[in-house]
Structures are given as structure tokens and as C-alpha cells.
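**Student:** sharing a sequence plus its predicted fold:
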Amino acid sequence: VEGATLEGMLVGLGAPAGALVVMDRGIATEENVVWLRAQGYRYLVVSRERQRQFDADAAIAIQTAGGDPIAVQRVLDAEGEEVRLYCYSERRAHKEEGIAERFCTRFEVALQALHEGLARPRTTKRIAKLWERIGRLKEKSHGVAQHYSITVEPDAGGVNAQAIRWERRPVDGTLVTHPGVYCLRTNELTWESEQLWRTYVMLTDLEAVFRSLKSELGLRPVYHQTAERTEGHLFITVLAYQFVQIIRRRLQAHGITDRWSSLRAILAGQCRVTATFRRPDGRALHVRKATQPEPAQLAIIRALGSDPTPGGVHKMIV
């Protein structure tokens, strides 16, 4: 559904030929890439190719804003019209390894249950039925079934099974053999690998900030039914993002390069509290003030030129 909106968006925005279009996987269909090239646009997108590959010896090392290492391999296609960046992230690799291992374990446990059922009465033992159940397990395996060789051993009669055997054989070029690898493709041939990668990462950063701001501003979930409400939603979101960028640029000038979510988490510890005291005359004294900022919070506040104890002190006797 997303892929069909690209042409209308670019036409509506009045994007000129030669503009660089950065897209995520949802919109980066092959048809859209061909259309962008035909219309004279530059593009930087996530490749949808299923075969993963990466040559660590041909890669260069760069770092994210958070200090995480990224390895990038640049490959020019045979026609010399497109560059592919094969990227490897160690953090992403750990995450994908955990996902793959969880699905593999779940698949093997299900196969083991079928195998053990052969020794119990009133369980499925007919070979044809077992293959049907194995087929259903494969459908629910999230793709890990392709990494297994499964055999069903028949008994002497040849109708029922006496054992189910399996062996893990990872298919090359998949998430199991190449965790943490993804590919970017672009027809911008003059840029260096790091510049291309950092430009694409701006998209993921923008999406992360939008998710954060929409939650804070009460704009999620989105139930707009009219164009006017949608335009208002987009206006507030983009306006808020501009303020975020102003804040982050000021912080970067002072050496603070944390993510927006990290900055929020650090500052969330400071709050305003109300202390209540009982007076001798029976009345109550309420004192409201901000808590003292911690060192990390104070560094951010000073870099922005803000008041470390905002709101002042308010006293009220009731």
C-alpha cells in the first residue's frame, strides 16, 4: 500500500528532478526505483534483495553517533549505474541472532513433540498426516524451516512412522548466516560511503523522533478521517521536529551527541515536587519547587542556556 503513494507525494511536494529521495523498505519497490531513475531523481533506499552478503576485508569502519561500530562495503554494479552499500552492525547482529535462535528453538521443540508423540497411544503416526503437520510447522516458523533437513522414518509396514529426524543446515546468504547485514542502494555515485550511510541514517533518526513526539503530543494513534486534520497533524509534527533539531545542534556544539530518546530519558529524572508542612496554627504550608539536577542533566541544561531550577519556588498556605 505504501509503495503506491510515492509518485503522488513527489508530485504534490513539487520535488524537482535531481532531488535525492531517501526511502525505507516499505516504499522502495523495484517499480518505484525504476520510476525514480526514469524521472531523473537520485535515490538512496534499502534494498529488498533477499540474498545477504558481506566481505569484511573490503569494508571500511565508521561509528554511529552513539559510538557503535558499523562496517560498510561499497560495491559498484556491472553497469556502473548503481552503488550498493553492504552494511554490518554488531548490535543489529546480536539482536538478529537472538531472534533466529528463538525461532529455531521453537521449531525444534515442535518437531521433538511430534517425534515423542510416536511413542504414545492415540497420537498421529501416519506418515502422510505427519508431513501435513510438519508443513504447518514450516508455515509458522518465520522462515527458519529452510535451514532444516527433515526426514520421517517409516516402520516395517511403511504406513506409520517410527521416528522423525532433523538436522540444521543453514542456508547461505540469510539472516542465520549473515546476521546484522543489510544493503543500501543508490544511483548517487559521487558520494563517499560514509556520507551515503549517514544520510540514510537521518531517516531512521527522523522516524524515531516523530514516534517520540507524537506520543508526547497525544497524536498517536492516528484516527484522522479528513484532509484538514491530516495536514494539521503533519504541520505540528514537522514544527516539533524543527525544535528538536535546534536543541540537538546546540547540544552538539557542546559535545553532547546523544539520541533524542536518550536525552529525554536523562532529563526525565528532574521534576517538580510539592512538600507539605503542618503549621502550629493548624494550617498547611505547601512548597512547590524543582528538584536539583544531576550532573548529566545539569550539563544538558547549561549547554542549552536554560534555568537549572525552572519554575522557581511557590509557597501556598491553606
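**Tutor:** Thanks, I have it. Numbering: from 1, shown residues only.

**Student:** residue 131 contacts residue 152, correct?
**Tutor:** Yes - the criterion here is CB atoms under 8 Å, and residue 131 meets it with residue 152 at 6.6 Å. (Glycine included, C-beta is placed from N, CA and C.)

**Student:** higher neighbour count, these two?
**Tutor:** residue 152 (19 against 13; other CB atoms under 10 Å).

**Student:** now the strands for the stretch 51-200 of the chain?
**Tutor:** 59-63, 69-76, 83-89, 148-154, 161-168, 181-186 (DSSP state E, counting those that start in this stretch).

**Student:** which one of those lies nearest to residue 16?
**Tutor:** Among these, the nearest to residue 16 by CB to CB is strand 181-186 (18.1 Å).

**Student:** shared neighbours of residue 131 and residue 152, anything?
**Tutor:** Shared contacts of residue 131 and residue 152 (CB atoms under 8 Å, 6 or more residues apart in numbering): none.

**Student:** can you classify the spatially most central residue of the chain by secondary structure?
**Tutor:** The centroid of the chain falls nearest to residue 204 when counting by CA atoms, centre = their mean (7.4 Å). Under DSSP: H, G, I helix; E, B strand; the rest coil, the three-state class of residue 204 is helix.

**Student:** same deal with the one 4 residues further on?
**Tutor:** Local secondary structure at residue 208 is given as helix here, using three-state DSSP.

**Student:** that one reaches residue 259, doesn't it?
**Tutor:** Yes - between residue 208 and residue 259 there is a contact under CB under 8 Å: 7.2 Å.

**Student:** quick one: which of those two has more around it?
**Tutor:** residue 259 (16 against 13).

**Student:** so who does the more buried one touch?
**Tutor:** Contacts for residue 259 (CB under 8 Å, 6+ apart) come out as 65-66, 205, 208.

**Student:** let me know the closest of these to residue 294.
**Tutor:** Nearest member of the contacts of residue 259 to residue 294, counting by CB to CB, is residue 66, at 20.2 Å.

**Student:** model confidence for the nearest residue to that closest one once chain neighbours are set aside, exactly?
**Tutor:** Spatial nearest neighbour of residue 66, chain neighbours left out: residue 259 (6.5 Å); criterion: CB to CB, 6 or more residues apart in numbering. pLDDT, residue 259: 78.

**Student:** phi, psi of residue 259?
**Tutor:** Main-chain dihedrals, residue 259, degrees, to the nearest 10: phi -70, psi 160.

**Student:** returning to that earlier point: ok, the residue nearest to the centre of the chain - contacts?
**Tutor:** If you count contacts by CB under 8 Å, 6+ apart, residue 204 has none.

**Student:** just the helices in the stretch 201-318 of the chain please.
**Tutor:** For the stretch 201-318 of the chain, the helices defined by DSSP state H, counting those that start in this stretch cover 227-252, 260-267, 295-304.

**Student:** contacting residues around stretch 70-80?
**Tutor:** 54-56, 58-64, 82-89, 189, 193-194, 197.

**Student:** for it, buried residues please.
**Tutor:** 70-74 (16 or more other CB atoms under 10 Å).

**Student:** and stretch 137-157, by the same measure?
**Tutor:** By neighbour count on 16+ other CB under 10 Å, the buried set for stretch 137-157 is 137, 141, 144-145, 147-148, 150, 152.
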